[in-house]
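Chemist: Give me a 3D structure for the following:
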Amino acid sequence: MALREIVIVKDATSLAREAADRIEAGSAGTIAGAGRFSIALSGGNTPRAVYELLAAAPARDRIDWTRWEVYFGDERTVPPDHVDSNYRMANQSLLSKVPLPAECVHRMMGENPPQQAAVDYGRLLKDRFGDGGPDLVMLGMGDDGHTASLFPYTAALAEAKHRCVANWVEKLQSWRLTMTAPFINRAAMVMILVSGAGKADRVAEVIEGPRDPQRLPIQSINPNGAGAKLLWLLDEPAAVKLRSRAI
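Modeler: Next up is the predicted model:
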């Protein structure tokens, strides 16, 4: 079972700074030990703020970008230049602003047929990680308790074999591409970022309530490798209804 930790900071700005600092430090330590750092990025406004900090001085100048390998936890089934694309957001806020070799960025091909795109990305992950996983997976949490594109009561929640799947989300009437929970749980660290009072009830339910990962898919995230860590980064508004400040 992962070492689990909650870190609570004042506000969304502090949350982005805390995440950026931890990513910078984690990448430096991993590169020093293993020579490479692999990260799966998340979509959303909170990660965007993190990426903008990493792309700006001083972090931009301290990170050895040539040793990063970038992946994506999920993607919409749209072309990479579409306004809804997670890749597009990450590219605009981070990837295009740092000296990261193009061959080190591994996006999900959202413009391709969903099933084929998922198979192709799963093969890539198998080739790159074997039976292991990334050094860091960034995640958020939706108001409904979903994470990545693992939505409540969807088929992907039952996936036990594949690393990436195409997941039909009925309420969105669309396909999503997503890493599966078993693969995410191979990561050395999973960092979950949650900001805002609108998510306070769900945060308390997910962390302190009964387990029901079909209804609250984020509860299925628990890295299981030796020394793995699950880190919740919350701002005060998101954490306000927690009874305890430790998991």
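Chemist: So which residues of the chain form strands?
Modeler: Per DSSP state E, the chain carries strands over the ranges 3-9, 37-41, 68-72, 74-76, 136-139, 164-169, 174-179, 189-194, 229-235.
Chemist: Pull the number of nearby residues for residue 199.
Modeler: 22 (other CB atoms under 10 Å). Backbone N, C-alpha and C define where each C-beta goes, glycine included.
Chemist: Identify the residues contacting it.
Modeler: 141, 143, 238 (CB atoms under 8 Å, 6 or more residues apart in numbering).
Chemist: so what pLDDT did the last one get?
Modeler: According to the predicted model, the pLDDT of residue 238 comes to 97.
Chemist: Which residues are in contact with it?
Modeler: By CB under 8 Å, 6+ apart, the neighbours of residue 238 are 194-197, 199-200, 203.
Chemist: Could you identify the buried members of those?
Modeler: For those, a burial check counting by 16 or more other CB atoms under 10 Å picks out 194-196, 199-200, 203.
Chemist: and of those residues, the nearest to residue 71?
Modeler: residue 194 (21.3 Å; CB to CB).
Chemist: so what's that closest one up against?
Modeler: 46, 140-141, 203, 232-235, 238.
Chemist: and residue 75, how far is that from residue 45?
Modeler: The spacing between residue 75 and residue 45, counted by CB to CB, to the nearest Å, is 17 Å.
Chemist: Over to residue 85?
Modeler: From residue 85 to residue 45 the distance is 15 Å (CB to CB).
Chemist: Likewise for residue 225?
Modeler: For residue 225 relative to residue 45 (CB to CB), the value is 30 Å.
Chemist: Where is the longest helix in this structure?
Modeler: helix 12-34 (DSSP state H).
Chemist: Remind me what that one packs against, helices and strands.
Modeler: If you count contacts as 3 or more CB pairs under 8 Å, 6 or more residues apart in numbering; DSSP states H and E, helix 12-34 packs onto strand 3-9, strand 37-41, helix 45-54, helix 59-62, strand 136-139, strand 189-194, strand 229-235.
Chemist: That one vs strand 3-9, what angle?
Modeler: 140 degrees (axes from the mean of the first three to the mean of the last three CA atoms, to 10 degrees).
Chemist: And helix 12-34, how far out from the chain middle?
Modeler: In terms of CA atoms, centre = their mean, to the nearest Å, the centre of helix 12-34 is found 14 Å from the chain centre.
Chemist: Would you mind checking the average pLDDT for it?
Modeler: So the average pLDDT for helix 12-34 ends up being 98.
Chemist: Going by neighbour count, list what's buried in that helix.
Modeler: Result for helix 12-34 [16+ other CB under 10 Å]: buried residues 12, 15-16, 18-20, 22-24, 26-27, 30-31.
Chemist: Looking at these, spot the one nearest residue 117.
Modeler: residue 23 (26.6 Å).
Chemist: if I pick the closest one, what's in contact with it?
Modeler: So residue 23 contacts 39, 50, 54, 136, 191 (CB under 8 Å, 6+ apart).
Chemist: okay if I get those residues as JSON lines plus distance to residue 124?
Modeler: Putting the contacts of residue 23 into JSON lines (distance: CB to CB, whole Å) gives the following:
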{"residue": "39", "distance to residue 124": "15"}
{"residue": "50", "distance to residue 124": "24"}
{"residue": "54", "distance to residue 124": "23"}
{"residue": "136", "distance to residue 124": "17"}
{"residue": "191", "distance to residue 124": "22"}
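Chemist: between the contacts of residue 194, which has the most around it?
Modeler: residue 238 (28 neighbours).
Chemist: That one and residue 10: what is the separation?
Modeler: 11 Å.
Chemist: Likewise for residue 88?
Modeler: Distance from residue 88 to residue 10, by CB to CB: 30 Å.
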